[in-house]
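J.: Here is my input, please return the structure:
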Amino acid sequence: MATGEPRYTQLDSAPSLVTAPAVSSVRTGIKIAIFNPAISGRGGVETIVAEVMARLEATGDECRLYIFGGTEDSAWLRNIRWSRVFGSISGLRPLRLLAYLFFAAKEMLLWRPDAIVCCDPTTVRLARWARALAFLRRAPVLCWLHCSAHQLKDQDEFSRVDAHLSICEARAKEVRPFLEKSSSGSAEDVFLVYNGTKALGQQPIPRSKTPVFIYVGRVHYEAQKRVKDLIEAAGQLRGNFLVRIIGSGSDDDMAKLHALEDKFGLAAKIEWLGWVKDPWSAVSEASAMVQPSAYEGFSMVLIEALARGLPVIASDFDGISAEAIEAGKNGWLFPPGNVDELRKIMQAVVDNPAILPPATAVQATAERFDLSKTSRSFRDAVDQTIQRRAARKP
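T.: Next up, the predicted model:
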């Protein structure tokens, strides 16, 4: 079919976006274009995009990924059936955007997708213009942000989409006001689509006899990840414990952190494992994961830890932590940057490891982040948005 009209069957009722049962028996496949800006190729966004695309295609949909501006590491694209990388981030921005637009319009005119899902404001603008040039009146443009809307420029584009796919409630709260003031949208066009993990169902990580706190991720002294808070808290602990840091950072940040380690005399208490392609393979045993971030768009590593039965001691950053962490049930929260509160939680674990919740109970709290639920929520949201746009008067 090359008309650009959506191919779907009207649903009997609107399903729940997070826990709805699969409805593939009443649907036919649709075409979904995903527009992504320049990306490193080594982060959580790449993982979730590739996994969602694979699951949609396994149930009959056709997906194409368009990356505008390049990707530093293209290895992740091997897991995607169809992708196209166009341009780079060098050169004058207006000329780059013009080239992107002609490329996008041509692709949309030839392929004629039923919906276009964009991962930032710039790709939203490209999609809107390409849709107009390709005469795809019925195809909605959706925004699927993986970071805070407040971190991005061109925020006016958030009010010009047909719908938002929000990865957590914190992100949904940011974009609802944009659609509420839009002439064509409403708060009902914001769908909650949690990022999911395929780690569910695994054997839990064994608990260590001596308390072991792990950190997994990029290493910043302060900035976003605030690893210095973990080092400072560890430097004030009494008793036997170990901190394992899995990740790497800039030479300057690492030098500052090692200097802080020396200041507190922690050389025998901290293990630096560096960057590991599969970080969880380096975790043979642990007591809890510590995430002292100042902010996160979501935090896949937090969900991955819970899925492996590992309690999480996390800062109450503006992301998934407040939604996912239940005090004493699967971890604990502390105010970002509050080293003393972090120290108190870690000290409580060192003094009495029995306060750690059972691994199976921790795993149970991660079930709503099952990747199959993510892809189903994504598809349900796209379906509903296609229907709502089709119902609007021209």
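
J.: which residues does residue 291 form a beta bridge with?
T.: residue 314 (DSSP bridges).

J.: for it, what are its contacts?
T.: Residue 291 makes contacts with 215, 217, 299, 301-302, 312-315, 317, 321, as judged by CB atoms under 8 Å, 6 or more residues apart in numbering. Placement of C-beta: from N, CA and C, glycine included.

J.: again, only using 10 Å
T.: 214-217, 225-226, 230, 299, 301-302, 305, 312-315, 317, 319, 321, 325, 331 (CB atoms under 10 Å, 6 or more residues apart in numbering).

J.: So which of those belong to helices?
T.: 230, 301-302, 305, 321 (DSSP state H).

J.: Out of those, who's the most crowded?
T.: residue 305 (31 neighbours; other CB atoms under 10 Å).

J.: where does the nearest residue to that residue once chain neighbours are set aside fall, phi/psi-wise?
T.: Once flanking residues are discounted, residue 305 sits nearest to residue 289: 4.3 Å by CB to CB, 6 or more residues apart in numbering. Backbone torsions for residue 289, taken as degrees, to the nearest 10, come to phi -100, psi 140.

J.: Residue 289: neighbour count?
T.: Count around residue 289 with other CB under 10 Å applied: 27.

J.: And residue 268, by the same measure?
T.: Neighbour number of residue 268 under other CB under 10 Å is 7.

J.: quick check, it in a strand?
T.: No - read with DSSP: H, G, I helix; E, B strand; the rest coil, residue 268 is coil and lies in no strand.

J.: mind listing the helices for the chain?
T.: 44-58, 93-111, 121-133, 169-180, 227-234, 251-263, 300-307, 321-324, 339-351, 359-364, 371-391.

J.: in the third one, what's buried?
T.: So that's helix 121-133. For helix 121-133, a neighbour-count test (16 or more other CB atoms under 10 Å) marks 121-131 as buried.

J.: I'd like these written out as JSON lines, with distance to residue 145 added.
T.: Shown next, in JSON lines, are these (distance: CB to CB, whole Å):
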{"residue": "121", "distance to residue 145": "9"}
{"residue": "122", "distance to residue 145": "12"}
{"residue": "123", "distance to residue 145": "11"}
{"residue": "124", "distance to residue 145": "10"}
{"residue": "125", "distance to residue 145": "14"}
{"residue": "126", "distance to residue 145": "15"}
{"residue": "127", "distance to residue 145": "14"}
{"residue": "128", "distance to residue 145": "16"}
{"residue": "129", "distance to residue 145": "19"}
{"residue": "130", "distance to residue 145": "19"}
{"residue": "131", "distance to residue 145": "19"}
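
J.: Let's have those residues in CSV, adding distance to residue 343 and pLDDT.
T.: CSV is the format used below for the buried residues of helix 121-133 (distance: CB to CB, whole Å; pLDDT from 0 to 100):
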residue, distance to residue 343, pLDDT
121, 40, 96
122, 42, 96
123, 43, 97
124, 43, 97
125, 46, 96
126, 47, 97
127, 47, 97
128, 49, 97
129, 52, 97
130, 52, 97
131, 53, 97
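
J.: between these, which is nearest residue 76?
T.: residue 123 (17.9 Å; CB to CB).

J.: Touching, that closest one and residue 143? I think so.
T.: Yes - using CB atoms under 10 Å, residue 123 is in contact with residue 143, at 8.6 Å.

J.: between those two, what contacts are shared?
T.: By CB under 10 Å, 6+ apart, the residues touching both residue 123 and residue 143 are 35, 117, 157.

J.: quick one: residue 368 and residue 111, what's the gap?
T.: 34 Å (CB to CB, to the nearest Å).

J.: re the thing from before, tell me which of the buried residues of helix 121-133 is nearest to residue 239?
T.: For those, the nearest to residue 239 is residue 121 (49.2 Å; CB to CB).

J.: Can you read off the pLDDT for the residue nearest to residue 57 when sequence neighbours are not counted?
T.: Counting by CB to CB, 6+ apart, residue 63 is the residue found nearest to residue 57 once chain neighbours are left out, at 5.7 Å. Listed pLDDT for residue 63 reads 98.

J.: just residue 79 next, same as before
T.: The model's pLDDT for residue 79 equals 89.

J.: out of everything not next to it in sequence, what's closest to it?
T.: residue 50 (4.7 Å).

J.: from memory the one you found sits against residue 80, does it?
T.: Yes - here residue 50 reaches residue 80: they are 5.4 Å apart, a contact under CB under 10 Å.

J.: Overlap of the contact sets of these two?
T.: With CB under 10 Å, 6+ apart as the test, residue 50 and residue 80 both reach residue 65.

J.: Report how many residues lie close to residue 352.
T.: Residue 352, neighbours per other CB under 10 Å, totals 10.

J.: quick one: contacts for residue 270?
T.: Residue 270 neighbours (CB under 10 Å, 6+ apart): 213, 215, 230-231, 234-235, 242-245, 257-258, 260-261, 264.

J.: err, residue 236, not the other one
T.: Going by CB under 10 Å, 6+ apart, residue 236 touches 264, 339-340, 342-344, 346-347.

J.: and what of residue 255?
T.: Here residue 255 is in contact with 221, 249 (criterion: CB under 10 Å, 6+ apart).

J.: ok, now how distant is it from residue 262?
T.: 11 Å.

J.: and if you look at residue 300?
T.: On the measure of CB to CB, residue 300 and residue 262 end up 32 Å apart.
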